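[1] sharing a sequence plus its predicted fold:
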Amino acid sequence: MVCRGLFSLGLKCVVCFVAGVLVLSGLVWCDGAGGPRHVVGAVNGVRPQPLELPEYPEDLGVEDTAENAIRAAEYFLELMNYTQSSGDTDAYEAVSAAGCTSCHGFIDRVEELYSSGGFSVGSYTEFDGATAKRFEKSNAWQIHGDLRIGEGYRFFPNDKQPLQVVESRYLHNRWILAAVVDGQWQMGMLVKDEE
């Protein structure tokens with residue numbers, strides 16, 4: 001009976017000590033009643049690592065050329081990586097064409113993740129071997145290539161498995177539409193080629 005009481009007291013002390021360390025380190029926010037409410041910082045050693053907002057590339061002109069279309073697509077992916085890492089969708093939305101369903105679907109997923117207290121780390125996307133040709137259905141450029149996506153993590157605070165590993169992968173035959181609209185490049189779709 002005495003051992004059980006000491007064990008119970010010792011366990012309570014350990015729990016209080018760990019909770020105190022987490023609160024003092026800023027990793028857990030409490031609701032005033034003393035209970036943890038929301039993880040804010042590290043999750044199993046993974047912390048939010050927002051990228052800086054990429055500046056508009058100096059070498060990206062508004063001349064309607066294949067080279068500029070490729071550079072615009074690379075910039076769009078830089079904005080996508082920034083958006084995913086920060087939760088800030090404004091810059092990405094500003095270059096997304098109104099009819100770009102994949103763009104707006106991405107924005108919705110990022111806003112949902114961050115509004116629930118989640119975050120994303122890594123899994124950044126880059127074009128590999130990009131080429132550009134005129135799109136058959138419009139005057140836009142179709143920038144074609146493979147996408148290299150790095151490893152990363154996503155934290156979903158309300159899931160049974162809140163920390164999910166995103167494995168690196170290589171996606172073949174993807175393309176982005178890009179066009180100059182009102183003096184600036186805009187992104188159309190990000191899709192997979194029909195094979």
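    The structure has been received and is ready for your questions.

[2] could you export the helix or strand in which Arg154 is found as CSV, CA atoms only?
    Assessed by DSSP states H and E, Arg154 sits inside strand 152-155. C-alpha atoms of strand 152-155 as CSV (Å, rounded to 0.1, in the frame of the first residue of the first chain):
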residue,chain,number,x,y,z
GLY,A,152,8.9,16.4,-45.2
TYR,A,153,6.3,16.2,-42.5
ARG,A,154,2.8,17.4,-41.9
PHE,A,155,1.2,17.9,-38.5
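
[3] SS state for Phe127?
    When classified by DSSP: H, G, I helix; E, B strand; the rest coil, Phe127 comes out as strand.

[4] what about it, neighbour count?
    Neighbours of Phe127 under the rule other Cβ atoms under 10 Å: 20. All C-beta atoms are positioned from the backbone trio N, CA, C, and that covers glycine.

[5] other SSEs contacting the lengthiest strand in the chain?
    The longest strand of the chain (DSSP state E) is strand 169-181. Counting by 3 or more Cβ pairs under 8 Å, 6 or more residues apart in numbering; DSSP states H and E, the packing neighbours recorded for strand 169-181 are helix 66-86, strand 141-149, strand 184-192.

[6] adjacent strands (with direction) for the strand holding Arg154?
    Under the criterion DSSP bridges, strand 152-155 sits next to strand 119-122 (antiparallel), strand 163-166 (antiparallel) in its sheet.

[7] okay, the first one in CSV with CA atoms only?
    Just to be clear, that refers to strand 119-122. Taking Å, rounded to 0.1, in the frame of the first residue of the first chain, the C-alpha atoms of strand 119-122 are listed here in CSV:
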residue,chain,number,x,y,z
PHE,A,119,1.7,22.9,-40.2
SER,A,120,3.9,21.5,-42.9
VAL,A,121,7.7,21.1,-43.0
GLY,A,122,9.7,20.3,-46.1
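
[8] buried stuff in that strand?
    Residues of strand 119-122 classed as buried by neighbour count (16 or more other Cβ atoms under 10 Å): Phe119, Ser120, Val121, Gly122.

[9] touching it from outside, list them.
    Strand 119-122 is contacted from outside by 46-49, 84-85, 87, 110, 113, 150-155, 166, using Cβ atoms under 8 Å, 6 or more residues apart in numbering.

[10] quick check: domain ranges of this structure?
    Domain ranges of the chain: 2-39, 66-192, per automatic domain parsing.

[11] same question for the last one, mean pLDDT?
    Throughout domain 66-192, pLDDT has a mean value of 90.

[12] skipping adjacent residues, who's closest to Ala130 in space?
    Counting by Cβ to Cβ, 6 or more residues apart in numbering, Gly145 is the residue found nearest to Ala130 once chain neighbours are left out, at 3.9 Å.

[13] just list the residues touching Ala97, thanks.
    Residues near Ala97 by Cβ under 8 Å, 6+ apart: Cys103, Leu177, Ala179, Val181, Gln186, Met187, Gly188.
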